[in-house]
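A.B. asks: Below are the sequence and a predicted model for it; my questions follow.
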Amino acid sequence: MDLTSLSALELGRKIKNKEITVEEAVRAQLEQIKAKDKEYNCYITVMEEDALARGKEVQQLIDKGKIDSPLAGVPMVIKDNICTKGTKTTCGSKILYNFIPPYNATVVEKLLNAGAVVIGKANMDEFAMGSTTETSYFGETKNPHNTEYVPGGSSGGSAAAVAAEEAFYALGSDTGGSIRQPSSFCGVTGIKPTYGTVSRYGLIAYASSLDQIGPMARNVSDCTAVLDIISGYDSKDSTSLEGENYNYTEALVDDVKNMKIGIPKGYLGKGLDEEVRAGILSAANVLREKGAIVEEFELDVVDYAIPAYYVIASAEASSNLSRYDGVKYGYRTEDFEGLQELYKKTRSEGFGNEAKRRMMIGAFVLSSGYYEAYYKKALKVKARIKEGFDKAFEKYDIILGPTAPSTAPKLGESLSDPLKMYLGDIYTVSVNLAGLPAISLPCGTDSKGLPIGLQLIGKHFGEKDIIRAAYSYEQSKG
Amino acid sequence: MKSYETVIGLEVHVELATETKIFCGCTTRFGGDTNTHCCPVCTGMPGTLPVLNKKVVEYAMAAGLALNCKINQQCKFDRKNYFYPDLPKAYQVSQLYLPICHNGGIEIEVDGVKKVIGIHEIHMEEDAGKLTHDPWEDCTLVDYNRCGVPLIEIVSEPDMRSAEEVIAYLDKLKLILQYLGVSDCKMQEGSLRADINLSVRETGAKEFGTRTEMKNMNSFKAITRAIEGERKRQIELLEEGKAVVQETRRWDDNKDTSFAMRSKEDAQDYRYFPEPDLVPMEISDEWIDEIRNRQPELRDEKMLRYEKEYDIPAYDAGIITGSKRLADIFEETVAICKKPKEVSNWIMVETMRLLKETEMEPEDIHFTPDNLAKLIALIHDGKINRTVAKEVFESVFKDNTDPEAYVKEHGLMMVNDEGELRSVVEKVLAVNPTSVADYRGGKEKALGFLVGQTMKEMKGKADPGMINKILKELL
């Protein structure tokens, strides 16, 4: 059996049992990247030397019994908007093409303490803005299931790397679906945790009130093991939450008997691809057969989710991305006269179209005279959406639906019509607006052989419910 | 010419005296090599997040309570967005929608007339860095040491009508903040600076005139001149039938005039919105009570207590409490030597004289209370006389010298040995037969001369009373 097709936990077990050394695992992974990444372009940076040195170090720590984590020694990839000390962190943008952070994100520290071997940085849509990974300054990533199709985005590099066995697991970030949608398109599993569960310290912000880091892997158990490591209160992140039980592995139980699962009627209506609908309904059936109570219900708050999301996310982005001005780090235009031109030229040349579009929208909705009409109204919609979900969770343990309205589109199809691309976020953005946890996991393929993603949404801190349901579904699928 | 009334409101920025910055652990110390008091958080590196320094909230609350404000128990931060190289995140974390304090006021007194100046609000915010233009290299350099130093902005109502009222208000504000210990209020280091909003209107008019704003004034003298100058400029415009333009102006104290910086039309849109990286604060009643109970004694209470407890004249109590530094020295010295009147005298006479001579502010005093107490003890124990004491005090004031060591080193201890003194007096009598004869002939004045001569022989180290006594005996 090929080493790189093991699951992360299987590899971790073999390393622990001394069947495989960390170095062997790292070398095998690097070989795989060399063989495949020219085609898929999952990586912006491959840390070959660092990974080999780190592999040796981790092996020693394991041998000395200093690390006892199920994922110790397992090579993994980090989305390139998560800061890695000493390693370029670009956000997929020209404007940060040379930025080397002098610090690690909290999640990176946590992974390193658990013996992770970071093998590289994954490609992504510029500043996590996009649904296809085509807005990256470093070229598009291709879907390993069919290279004519996009891998989804914005964490497309992470998803494709896991799918192409170029990494055992990955970290992604999810602001409006950026973990779940590429997971769906690439046929992998990804979790967007409850807002505040995973520290955002070191995650380069797109929309601070919605951003959340999460795991992407080949199955539910791997994702859960990663979530165990990266979650928890962090004093460096004021929005992180204290006092929860972060042992998610205990939720890996194959039992959904009497679990109440709701399917919003609106999630199965207009705009949903027929094959995706069939896939979702058959997944719902699997859970029903296992004893879950599955029923459709009205979740009436989805209508304004997309405009509210784009108003809030763009507003925050316009502020968050203003610091990239050529003064301190990153790209600076070559010729300029005076400060204003330094700003204008640097930012005109350094940002791509999608980032510019969202910054313009954001600056507009925050302008005096428009703030009430757009930003404040969007915040009201956000509050309504949360109420709507709260009401639904009085009745249901989890909510089930598709992750995306279709399987992966072809390369080049989406960017020409950004509004249509935004509508593809219909099932994911409301989860971010409500701050809820959700998982996307594969549930079959369409007639083109492209993966379909099943989304399970949990209540606030309801990670264990969705993990249990996802795990049970995965077990039945075999 | 018509008669005009000046209407003034102030925005006072005060740097808080916390050890660390508002959103990170960097020191707030003034000075330091460029870019050494900063970290990824206060320089706004990608991915970093702010963590609110609780002390800043407590200081802001303390200021608010002392200025009779209400506390906003649900308060939060907002982002003020603008591009400038001294602002590394391209937004300043400030408070627009729900500032921590509002609706307060303090009483001022000008020429015996008392008046309340309203406080509209107090909000917390972070300071920016500092730009320096290097003319040799023709480039601009930026120092982020000040970035993230906590500030409160105290916004008054437009309740002031003259430069005197403004100065009285600022004086009172400064003293309250110093007493609270929330700021050193050193204007020359920029830890207290004021924006002046000023308009004029015909006396009796109900509507306010169009106002201008002069930013970042950091000396009382400049403020007074700026107010007079701007008042004159606006009245001249109105007298010529022209309109005052709402704009920001910069006061140039060297040229004694102000210049337009930008008009309302060019005013930036700061695109404020709630700071998503910080959660809204919940300030509990208990927390407010805790801060209230911790409030130190402020000036007015202190003055009354000095009069009552120490029997210090009202005027002296006013001078001493007029500076927190003087009040601290007074109280600490009294605590050691238990002689309030003596201590008060040393502050009122010698300390004030030396401050004036050296052009120092009370805040610059660096002698310690224990040394003043030692000096007073030396006098009280009859070890030095008052003339010598003044000399010793000058050294204490200048170098914070230990008076006992100084007296010993310079041999200034009084001679209390009657035998020794007697022999000196005998010598003086022997060389001044005329004066002796004069005295014996009834000229009382001659005695004074003989005392002086003896003191001169003793180099001042004798008790005049004892000299008198011996002289009278011998004569």
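C.D. replies: Received, thanks. Numbers count the residues shown, from 1 in each chain, chains lettered A, B, ... in the order given.
A.B. asks: ok, now which ones touch B:Val415?
C.D. replies: By CB atoms under 8 Å, 6 or more residues apart in numbering or on different chains, B:Val415 lies in contact with B:421, B:458, B:461-462. Glycine gets a C-beta too; all of them are placed from N, C-alpha and C.
A.B. asks: From those residues, which land in helices?
C.D. replies: B:Leu421 (DSSP state H).
A.B. asks: mind listing the strands for the stretch 201-350 of chain B?
C.D. replies: B:212-217, B:247-252, B:257-263, B:273-274, B:281-282 (DSSP state E, counting those that start in this stretch).
A.B. asks: what about those, which gets the closest to A:Ala217?
C.D. replies: strand B:273-274 (34.9 Å; CB to CB).
A.B. asks: who touches that closest one?
C.D. replies: A:315-316, A:319, A:366, A:371, A:375, B:76-79, B:97.
A.B. asks: Just want the most central residue of chain A.
C.D. replies: Central residue of chain A (CA atoms, centre = their mean): A:Ile179, 2.2 Å from the mean position.
A.B. asks: are any of the contacts of strand B:273-274 buried, and which?
C.D. replies: Buried residues within the contacts of strand B:273-274, defined by neighbour count using 16 or more other CB atoms under 10 Å in any protein chain shown: A:315-316, A:319, A:366, A:371, A:375, B:76-79.
A.B. asks: Inside helices: which ones of the residues you listed?
C.D. replies: A:315-316, A:319, A:366.
A.B. asks: Tell me which two of these sit farthest apart.
C.D. replies: Every pair of these checked by CB to CB; the farthest is A:Glu316 and A:Leu366, at 9.3 Å.
A.B. asks: show me where pLDDT drops low in the chain?
C.D. replies: Just so you know, I chose chain A. Within chain A, the ranges that satisfy pLDDT under 70 run A:1, A:243-244, A:301-302, A:478.
A.B. asks: Oops, wrong one, chain B.
C.D. replies: For chain B (pLDDT under 70), the answer is B:264-266.
A.B. asks: hmm, 50 instead?
C.D. replies: Of all residues in chain B, none has pLDDT under 50.
A.B. asks: show me the biggest strand of it in terms of residues.
C.D. replies: strand B:113-126 (DSSP state E).
A.B. asks: Against A:Val276, how distant is the closest residue to chain B within the stretch 251-400 of chain A?
C.D. replies: Going by CB to the nearest CB, chain B is nearest to A:Ser322 of the stretch 251-400 of chain A, at 3.4 Å. Distance, A:Ser322 to A:Val276, using CB to CB, to the nearest Å: 38 Å.
A.B. asks: How about the contacts made by the closest residue to chain A within chain B?
C.D. replies: In chain B, the residue that lies nearest chain A is B:Ala90 (3.4 Å; CB to the nearest CB). Counting by CB under 8 Å, 6+ apart, B:Ala90 makes contact with A:319, A:322-323, A:325, B:44, B:81-84.
A.B. asks: picking up where we left off before, could I get the strands of the stretch 201-350 of chain B as a markdown table with mean neighbour count?
C.D. replies: Converted to a markdown table, the strands of the stretch 201-350 of chain B look like this (neighbours: other CB atoms under 10 Å in any protein chain shown):
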| stretch | mean neighbour count |
| --- | --- |
| strand B:212-217 | 19 |
| strand B:247-252 | 18 |
| strand B:257-263 | 14 |
| strand B:273-274 | 22 |
| strand B:281-282 | 14 |
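A.B. asks: Tell me which of those lies nearest to B:Glu58.
C.D. replies: strand B:281-282 (11.6 Å).
A.B. asks: Mind giving me the packing neighbours of that closest one?
C.D. replies: strand B:74-75 (3 or more CB pairs under 8 Å, 6 or more residues apart in numbering or on different chains; DSSP states H and E).
A.B. asks: can you list the residues that contact the strand it packs on?
C.D. replies: By CB under 8 Å, 6+ apart, strand B:74-75 touches B:95, B:98-100, B:280-283.
A.B. asks: Going through the residues you listed, which ones are buried?
C.D. replies: Neighbour-count burial (16+ other CB under 10 Å) applied to these gives B:95, B:98-100, B:281, B:283.
A.B. asks: Return the member of the residues you listed nearest to B:Arg225.
C.D. replies: B:Pro99 (30.8 Å).
A.B. asks: Wait, the closest one touches B:Glu125, no?
C.D. replies: No: with contact defined as CB atoms under 8 Å, B:Pro99 does not count as touching B:Glu125 (9.6 Å).
A.B. asks: and which of the contacts of B:Ala90 is nearest to A:Leu281?
C.D. replies: Distances from A:Leu281 to the contacts of B:Ala90, taken by CB to CB, are shortest for A:Ser319, at 41.9 Å.
A.B. asks: Pull the contacting residues for the closest one.
C.D. replies: Per CB under 8 Å, 6+ apart, neighbours of A:Ser319: A:362, A:366, B:79, B:81, B:90-91, B:271, B:273.
A.B. asks: Could you dump those residues into JSON lines and include distance to A:Glu394?
C.D. replies: Output for these, formatted as JSON lines (distance: CB to CB, whole Å):
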{"residue": "A:Gly362", "distance to A:Glu394": "35"}
{"residue": "A:Leu366", "distance to A:Glu394": "35"}
{"residue": "B:Arg79", "distance to A:Glu394": "35"}
{"residue": "B:Asn81", "distance to A:Glu394": "39"}
{"residue": "B:Ala90", "distance to A:Glu394": "43"}
{"residue": "B:Tyr91", "distance to A:Glu394": "39"}
{"residue": "B:Arg271", "distance to A:Glu394": "38"}
{"residue": "B:Phe273", "distance to A:Glu394": "32"}
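A.B. asks: for B:Lys469, phi and psi?
C.D. replies: phi -60, psi -50 (degrees, to the nearest 10).
A.B. asks: What count of nearby residues applies to it?
C.D. replies: Using other CB atoms under 10 Å in any protein chain shown, the number of residues around B:Lys469 comes to 14.
A.B. asks: need the contact list for it.
C.D. replies: B:Lys469 touches nothing, counting by CB under 8 Å, 6+ apart.
A.B. asks: looking at chain A, which residue lies furthest from center?
C.D. replies: Max radial position in chain A (CA atoms, centre = their mean) goes to A:Glu337, at 40.6 Å.
A.B. asks: What's the separation between that residue and A:Tyr343?
C.D. replies: 12 Å.
A.B. asks: Just to check, B:Thr368 is in contact with B:Asn400?
C.D. replies: Yes: using CB under 8 Å, B:Thr368 is in contact with B:Asn400, at 5.8 Å.
A.B. asks: Can you tell me the element A:Ala205 falls in?
C.D. replies: Under the criterion DSSP states H and E, no helix or strand holds A:Ala205.
A.B. asks: which residues sit in contact with the closest residue to it other than its chain neighbours?
C.D. replies: Counting by CB to CB, 6 or more residues apart in numbering or on different chains, the nearest residue to A:Ala205 once its immediate chain neighbours are dropped is A:Asn320, at 4.3 Å. A:Asn320 makes contacts with A:205-208, as judged by CB under 8 Å, 6+ apart.
A.B. asks: From the residues you listed, pick the one nearest chain B.
C.D. replies: Nearest to chain B among the contacts of A:Asn320, with distances taken as CB to the nearest CB, is A:Ser208, at 3.9 Å.
A.B. asks: host element of the closest one?
C.D. replies: Going by DSSP H and E, A:Ser208 is not part of any helix or strand.
A.B. asks: mind listing what it touches?
C.D. replies: Applying CB under 8 Å, 6+ apart to A:Ser208 gives the contacts A:200, A:239, A:316, A:320, B:276-277.
A.B. asks: A:Ile62: neighbour count?
C.D. replies: 20.
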